[in-house]
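Asker: Model the structure of this input:
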Amino acid sequence: MFEYNVNRNQLIIREYGRTIQIMIEDTMKEPDYEKRTEKAKSIVKMMATINPDEGENKNQKESLDYWHKLWDHLFIMSNYRLEVDSPFPKPQPKKEKLSFEKPDYNKHNILARNYGRNMQKIINAVAMYPEEQREAISLTLANHLKKLYLTYNRETVDDKLIIDQLSEMSRGRIVMPRDYVLETTRDILKNASTANQNKPLNAKKKKKKKKKKNKENQA
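Answerer: The predicted structure is shown next:
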């Protein structure tokens, strides 16, 4: 069975989408501090693409406050556990509800609809990065595309297809060797199956509690 969104980690800031959160989680696993910092910078740029400035604040992206807010959101989505070289002080955990602008979702064409609009916007943003930054994030993008592909097609997918699709969606700006080995289909499905086995038990218990409570209320 594949891993459904209800069985994944809860989205901390929903407006950025699950792809950004997964990339942050992957970046936290990077052991090299400098590489981890470069990946974090790339993710912040993608967040700026997904959460654009509003029309009446056209110069917002040029302000330090705007970028400070994005870096704060990055740390918050990592549960304050991400350790990187940030241009701004790392925020402290707060209980207050965050406020941020609602992203504009419907202004860009999607080259591969099965991957979704946010994924296309992220790839568009990464495609404009310098070559070194594109290379740093390309493997994470390709592995995530493969996971998304397996959502619709449970059979084995050729890594060459994913690499070609990434190149096509980036209009040739993100190019990986066609013999590059991505995360295996078996490992992806195995991890998803393990997650599914661990989660439904809690869901069943909650349903039983609700039924029991409803019966008590009716009595």
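Asker: C-terminal to the helix ranked longest in the chain, what's the next element?
Answerer: When the chain is parsed with DSSP state H, its longest helix is helix 131-152. On the C-terminal side of helix 131-152, the closest following helix or strand by DSSP states H and E is helix 159-169.
Asker: May I ask you to confirm that residue 22 is in contact with residue 143?
Answerer: No. Taking contacts as C-beta atoms under 8 Å, residue 22 lies outside contact range of residue 143: 9.3 Å. In this view, the C-beta of every residue, glycine as well, is placed from N, C-alpha and C.
Asker: returning to what we had before: mind listing what's buried along the longest helix of the chain?
Answerer: Of all the residues in helix 131-152, those buried under the rule 16 or more other C-beta atoms under 10 Å are 133-134, 136-138, 140-150.
Asker: got any ranges where the chain has weak pLDDT?
Answerer: For the chain, applying pLDDT under 70 flags the ranges 1-9, 51-62, 95-114, 154-156, 191-219.
Asker: show me where it has strands.
Answerer: For the chain, strands defined by DSSP state E do not occur.
Asker: Would you map the helices across it?
Answerer: Under DSSP H, the chain gives helices at 17-28, 33-50, 64-77, 117-127, 131-152, 159-169, 185-198, 200-218.
Asker: So what's the residue count around the closest residue to residue 73 other than its chain neighbours?
Answerer: Leaving aside its chain neighbours, residue 73 sits nearest to residue 13 (5.7 Å; criterion: C-beta to C-beta, 6 or more residues apart in numbering). Around residue 13 there are 16 other residues, counting by other C-beta atoms under 10 Å.
Asker: end to end, how far does stretch 171-180 reach?
Answerer: Using C-alpha to C-alpha, to the nearest Å, the end-to-end distance of stretch 171-180 comes out at 19 Å.
Asker: mind listing what's buried in that stretch?
Answerer: Applying 16+ other C-beta under 10 Å to stretch 171-180 flags 173-174, 176 as buried.
Asker: Need the residues that contact that stretch.
Answerer: For stretch 171-180, the external contacting residues (C-beta atoms under 8 Å, 6 or more residues apart in numbering) are 123, 126-128, 134, 138-139, 141-142, 159-160, 163-164, 166-167.
Asker: between these, which is nearest residue 94?
Answerer: Nearest to residue 94, judged by C-beta to C-beta, of these is residue 126 at 30.3 Å.
Asker: For that closest one, grab the count of nearby residues.
Answerer: Residue 126, neighbours per other C-beta under 10 Å, totals 24.
Asker: Double-check it against residue 139; I have them as touching.
Answerer: No. Residue 126 is beyond contact range of residue 139, at 11.7 Å (criterion: C-beta under 8 Å).
Asker: Looking at the buried residues of helix 131-152, spot the one nearest residue 87.
Answerer: residue 133 (15.7 Å).
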